[in-house]
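Enquirer: Here you go, sequence then predicted model.
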Amino acid sequence: MEKGFDFREQLSVMARERLESSSIGEIIELAARHRALSFGAGEPSAELFPKNAIREAVAEAFAEKDVWGYYHDDFGYLPLREWICERMGKDGMAPSWVQPEHILLTNGGGEGVSLVSEALIDPGSVVLVESPTYVESLLTFRKQGAVCVPVPSDDEGIIPSELERIASAVRPRFLYTIPNFQNPSGRTIPEERRVQILEILRKLDFPMLEDDPYHYLSYDAVPPTSFLKLTGNDYRVVHCNSFSKTIAPGLRVGWLVVPPPLKKALHHLRVSAGLGRPTVIQAGIWRYLSGIDFLSRIEELCKNYRERRDAMMDGIKRFLNPLGIRASQPAGGFFIWCESPDSRDIHSFARYSVEEHGIAIIPGQSFFPKGDKRGDWAFRLSYAKVTAEQVEEGMQRLVRAWESYPAARATSGF
């Protein structure tokens, strides 16, 4: 049989050296193959999607003549951008300079992170990230050629003194943070610390990418003021957000708040990446949002996810704490960060727990830059897609896996 063309000499440096598979994807794929109960899925629960209302809204949007051709504004459907701008203003998330012209609609929050990366990163650029941080953003930064440098964090997020020490030494392009109910740690940076962090950014003169998709999923109190709002007219913060958690992830609509100095660059990047995004979906989301009480929708979501969080925290207290596993309670979002009392290889344990006991967790190594060992004995749990009954069963499976793993590793090579 004739050998096919292998593209080996044609692959770019990026494709050869910087692209990596997601370790989260590996565990999710294993969980699906083994039909395991998953504490790993970091996505909203499908039964909470407003499916019928979205179907009706998108059907109405198809009646608009502007949705069938190229939309005239490269930043996206203007009525939805106006709605976002008004909502962020009402909720104290944006300073007064933010207008619809500064809202760029994206293909989910991930495209927002990617566009900012393309605008700000050259090969070898240093990007400061929380330790731990969201794995997909790490992959995006690495794809652009960034060197990701972790900043130590505690239960209140980035430690300001560590940020100043590290930033003074490495001249970063920007700091990346998920300030509210962080993925994977569940941590929220309190407002006093946010002010300290911004003071360091001003002192050392570098910007921030604030990724805030969990902002509205706050279960115990109103989240602290956004970095975007706190920075005022400084233009130092690029804010990224998404409707994936509040409506549905499959619609793939997010947004960036673009400071005026970045508008030209991001406009060119948006055009070079394709002539707009599906206008009919953006128009459908606007029609849906215009026909509901958004804060009531948020209240409904928070009620459901609060119950799931409380069920998992109760399960951790009853099943995992007696094993010496430490976890702190998140005030919102989807995630709980757990730390092991021993030095077991969590990645191998995660594979074992899926394959032999039918329960999926995400190993902590996924959320740190290469070479950082702080995730070796930690793992992430998600309660977003599991009921209280599933939490009970899943915790029992996890305990059985935890207690049997040392013997299994010795005999089977896990």
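Expert: Everything's here; your move.
Enquirer: okay, CA-based contacts and neighbour counts for the rest of this
Expert: Fine.
Enquirer: OK, contacts around Thr177?
Expert: For Thr177, the contacting residues are 129-130, 133, 208-211, by C-alpha atoms under 8 Å, 6 or more residues apart in numbering.
Enquirer: How about Gly315?
Expert: For Gly315, the contacting residues are 391-392, 395, by C-alpha under 8 Å, 6+ apart.
Enquirer: mind listing the strands in this structure by residue range?
Expert: Using DSSP state E, the strands of the chain run over residues 37-38, 103-106, 126-131, 147-154, 157-158, 174-177, 208-211, 237-242, 254-257, 326-327, 335-339, 359-360, 362-363, 378-382.
Enquirer: buried ones in stretch 83-103?
Expert: For stretch 83-103, the neighbour count (16 or more other C-alpha atoms under 10 Å) marks 84-85, 89, 93-95, 98-103 as buried.
Enquirer: roughly how far is stretch 59-77 from the heart of the chain?
Expert: 28 Å (C-alpha atoms, centre = their mean, to the nearest Å).
Enquirer: ok so, going back, between the contacts of Gly315, which is closest to Phe49?
Expert: Relative to Phe49, the closest of those is Val391; by C-alpha to C-alpha it sits at 21.1 Å.
Enquirer: so that closest one touches Asp310, yeah?
Expert: No. The pair Val391 and Asp310 fails to qualify as a contact (C-alpha atoms under 8 Å) at a distance of 10.4 Å.
Enquirer: These two - which one has more neighbours?
Expert: Neighbours of Val391 and Asp310, each counted by other C-alpha atoms under 10 Å, are more numerous for Val391; the result is 24 against 15.
Enquirer: For the closest residue to the more buried one other than its chain neighbours, give me its contacts.
Expert: Among residues not flanking Val391 along the chain, Met312 sits closest, at 6.0 Å (C-alpha to C-alpha, 6 or more residues apart in numbering). Contact partners of Met312, counting by C-alpha under 8 Å, 6+ apart, are 383, 388, 391.
Enquirer: okay if I get those as TSV plus distance to Val238 and pLDDT?
Expert: Listed next are these as TSV, based on distance: C-alpha to C-alpha, whole Å; pLDDT from 0 to 100:
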residue	distance to Val238	pLDDT
Tyr383	29	96
Ala388	38	89
Val391	37	95
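Enquirer: Among these, which ones are in helices?
Expert: 388, 391 (DSSP state H).
Enquirer: For Ile298, see how far away Glu307 is.
Expert: 14 Å (C-alpha to C-alpha, to the nearest Å).
Enquirer: Likewise for Tyr352?
Expert: Going from Tyr352 to Ile298 by C-alpha to C-alpha gives 37 Å.
Enquirer: Looking at the two, which one has more neighbours?
Expert: Applying other C-alpha under 10 Å to Tyr352 and Ile298 shows that Tyr352 carries more neighbours, namely 21 against 15.
Enquirer: what about the helices in the protein?
Expert: 13, 23-33, 51-61, 78-90, 108-120, 135-143, 160-170, 191-204, 227-230, 263-272, 279-290, 294-315, 346-357, 388-412.
Enquirer: I'd like those helices as JSON lines, with distance to Pro330 appended.
Expert: As requested, the helices of the chain are arranged in JSON lines below (distance: least, C-alpha to C-alpha, whole Å):
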{"stretch": "helix 13", "distance to Pro330": "40"}
{"stretch": "helix 23-33", "distance to Pro330": "21"}
{"stretch": "helix 51-61", "distance to Pro330": "28"}
{"stretch": "helix 78-90", "distance to Pro330": "23"}
{"stretch": "helix 108-120", "distance to Pro330": "22"}
{"stretch": "helix 135-143", "distance to Pro330": "19"}
{"stretch": "helix 160-170", "distance to Pro330": "21"}
{"stretch": "helix 191-204", "distance to Pro330": "16"}
{"stretch": "helix 227-230", "distance to Pro330": "20"}
{"stretch": "helix 263-272", "distance to Pro330": "34"}
{"stretch": "helix 279-290", "distance to Pro330": "28"}
{"stretch": "helix 294-315", "distance to Pro330": "8"}
{"stretch": "helix 346-357", "distance to Pro330": "22"}
{"stretch": "helix 388-412", "distance to Pro330": "17"}
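Enquirer: Counting neighbours, what do you get for Gly124?
Expert: 12.
Enquirer: okay, and for this structure, where does confidence drop off?
Expert: The model of the chain has pLDDT under 70 over residues 1-2, 371, 407-414.
Enquirer: domain ranges for it?
Expert: Listed domain ranges for the chain are 13-49+296-412, 65-291 (source: automatic domain parsing).
Enquirer: for the closest residue to Val253 other than its chain neighbours, what are its contacts?
Expert: Leaving aside its chain neighbours, Val253 sits nearest to Gly108 (4.4 Å; criterion: C-alpha to C-alpha, 6+ apart). Contact partners of Gly108, counting by C-alpha under 8 Å, 6+ apart, are 242-244, 249, 251-255.
Enquirer: and with 7 Å instead?
Expert: 242, 244, 252-254 (C-alpha atoms under 7 Å, 6 or more residues apart in numbering).
Enquirer: which one of these has the most neighbours?
Expert: Counting by other C-alpha under 10 Å, top hit in these: Ser242 with 26 neighbours.
Enquirer: separation between that residue and Ala15?
Expert: On the measure of C-alpha to C-alpha, Ser242 and Ala15 end up 28 Å apart.
Enquirer: One more: Leu104?
Expert: According to C-alpha to C-alpha, Leu104 stands 28 Å off from Ala15.
Enquirer: His268 too?
Expert: 23 Å.
Enquirer: Ser114 now?
Expert: When distance is defined by C-alpha to C-alpha, Ser114 is 16 Å away from Ala15.
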